[in-house]
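**Q** Attaching a predicted model along with its sequence, questions to come.
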Amino acid sequence: MTSTEVTRRRVMGVALGVLAGMPAGCSGDSGPVRRLRLATGPEGGPYNAFGQALAQAVAASGRRIEIVPVSTAASVDNLRKLDDGSVELALAMADVAEDAVLGREPFPGPAAATALARVYVNYTHLLVPADGPVRSVRDLAGRPVAAGAAGSGVQVVAERVLRAAGLSGAPAPAPPAAADERQLGLAASVSALREGSVDALFWSGGVPTPALADLAREVPLRFLPLDAHVGALRERYGPVYTAVTLPAGVYGLTEPVGTIGVGNYLLARADVPQGAVRDLLQVVFERWRDLLREVTAGARLEPRFAISTGEVPLHPGAVAHYRSVYG
């Protein structure tokens with residue numbers, strides 16, 4: 001067992017020990033409403049849309065919990081807020097969540113985050129103007145690239161893809177030169193690509209992402225295949241990365257484009273009571289169609305998918321929920 005694994009188990013052991021001494025709880029019809037702050041993402045983005053939909057679904061359920069969405073920069077920012085206690089719940093991409101619980105960069109040490117569910121898959125998009133010279137990741141050498149907002153999961157996956165192609169990190173001993181990574185959120189990225197101030201745009205989100213669908217109707221675009229980089233990413237970072245396909249028809253594509261998939265987790269601090277977690281998950285599974293409608297088309301939330309959270313341990317309340325409902 002590595003020292004990182006020992007540290008992680010020690011941190012999670014302490015957190016679970018705290019939970020073991022707490023009553024499991026059930027919301028019932030009495031007692032105060034438990035207020036849970038949920039770190040989402042920037043306003044107008046998919047995490048924020050999911051968080052707002054979840055807050056509405058919980059409010060309509062009559063359960064004695066309240067979800068308060070908190071706008072953030074997204075995944076990295078969300079894990080930091082979860083770890084420092086400024087929120088009780090968070091949404092984050094699977095790769096960032098694993099970095100957090102394992103104490104990998106950019107996190108200074110293991111974060112005591114637990115998973116409630118893997119809720120849907122992000123598709124990595126890499127867009128360039130259709131009439132431009134860029135036809136592969138390697139062609140981005142020396143070019144300005146919108147690589148996600150600071151503190152976002154998009155920035156993490158974009159940097160890793162560029163690094164796998166030799167275009168990010170320490171200067172290479174020979175060409176190609178590194179890409180010029182610009183820290184831009186989705187709206188700013190779309191504007192920059194439309195105006196020509198960047199030559200490419202990275203995004204990680206559901207399919208279709210409305211802002212990109214709108215852009216594709218205005219500007220002829222090329223979506224670059226990224227599936228050839230899945231193997232290198234899995235070898236270095238584990239199975240959080242999978243090969244997925246942008247289907248023909250979406251964004252006006254005439255044929256499928258292979259790319260990189262990354263799961264999205266709904267996370268909680270370990271000290272959130274089990275009863276609150278079980279109540280929340282009941283709403284998530286009752287209303288998943290409403291929650292995912294504005295985030296990603298055609299997705300389903302199934303238990304065998306939801307519990308696949310890799311290195312991020314399930315919250316004991318989540319374990320109790322899945323066992324009680326699915327055996």
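**A** Right, received. Where do you want to start?
**Q** so where do the helices sit in the stretch 201-327 of the chain?
**A** Remark: helices assigned in the stretch 201-327 of the chain by DSSP state H, counting those that start in this stretch are 210-218, 230-237, 274-286, 288-293, 303-306, 316-326.
**Q** and the fourth one, what other elements does it pack with?
**A** Based on contacts counted as 3 or more CB pairs under 8 Å, 6 or more residues apart in numbering; DSSP states H and E, the elements that helix 288-293 packs against are helix 46-61, strand 113-129. Yep, even glycine has a C-beta here, placed from its N, CA and C like the rest.
**Q** among those, which is the most enclosed?
**A** Each of the helices and strands packed on helix 288-293 was given a mean neighbour count from mean count of other CB atoms under 10 Å, and the largest, a mean of 24, is that of strand 113-129.
**Q** average pLDDT across it?
**A** Taken as a whole, strand 113-129 has a mean pLDDT of 97.
**Q** Tell me how many other residues surround Arg104.
**A** Counted with other CB atoms under 10 Å, the burial measure for Arg104 works out to 15 neighbours.
**Q** And for the one 5 residues further on?
**A** Around Gly109 there are 13 other residues, counting by other CB under 10 Å.
**Q** That one against Ala100, yeah?
**A** No: shown here, Gly109 and Ala100 do not form a contact pair, counting by CB atoms under 8 Å, at 9.6 Å.
**Q** Point out where the stretch 151-300 of the chain drops to low pLDDT.
**A** Filtered on pLDDT under 70, the stretch 151-300 of the chain yields the residue ranges 169-175.
**Q** let's see 80
**A** The model of the stretch 151-300 of the chain has pLDDT under 80 over residues 168-176, 294, 297-298.
**Q** ok, back up a step: which one of the helices of the stretch 201-327 of the chain lies closest to Leu162?
**A** Taking CB to CB as the measure, the helices of the stretch 201-327 of the chain were each checked against Leu162, and helix 230-237 came out nearest at 11.5 Å.
**Q** Same list, the helices of the stretch 201-327 of the chain, but as JSON lines with distance to Ala165 and mean neighbour count please.
**A** Listed next are these as JSON lines, based on distance: least, CB to CB, whole Å; neighbours: other CB atoms under 10 Å:
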{"stretch": "helix 210-218", "distance to Ala165": "22", "mean neighbour count": "15"}
{"stretch": "helix 230-237", "distance to Ala165": "9", "mean neighbour count": "15"}
{"stretch": "helix 274-286", "distance to Ala165": "37", "mean neighbour count": "22"}
{"stretch": "helix 288-293", "distance to Ala165": "32", "mean neighbour count": "17"}
{"stretch": "helix 303-306", "distance to Ala165": "30", "mean neighbour count": "16"}
{"stretch": "helix 316-326", "distance to Ala165": "37", "mean neighbour count": "17"}
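**Q** follow-up on the earlier one: the helices and strands packed on helix 288-293 into JSON lines, with extra columns for distance to Thr242?
**A** Formatted as JSON lines, the helices and strands packed on helix 288-293 follow (distance: least, CB to CB, whole Å):
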{"stretch": "helix 46-61", "distance to Thr242": "19"}
{"stretch": "strand 113-129", "distance to Thr242": "8"}
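**Q** With Glu294 as the reference, name the closest of the ones you listed.
**A** Closest approach to Glu294 among the helices and strands packed on helix 288-293 is made by helix 46-61 (4.6 Å; CB to CB).
**Q** Pull the helix or strand following that closest one out as PDB, backbone CA atoms only.
**A** Stepping forward along the backbone from helix 46-61, the first helix or strand reached (DSSP states H and E) is strand 65-70. Coordinates of the C-alpha atoms in strand 65-70 are reproduced here as PDB (Å, rounded to 0.1, in the frame of the first residue of the first chain):
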ATOM      1  CA  ILE A  65     -33.900  19.400   3.500                       C
ATOM      2  CA  GLU A  66     -33.100  22.500   1.500                       C
ATOM      3  CA  ILE A  67     -30.600  22.800  -1.300                       C
ATOM      4  CA  VAL A  68     -28.900  26.200  -1.700                       C
ATOM      5  CA  PRO A  69     -27.000  26.400  -5.000                       C
ATOM      6  CA  VAL A  70     -23.700  28.300  -4.800                       C
END
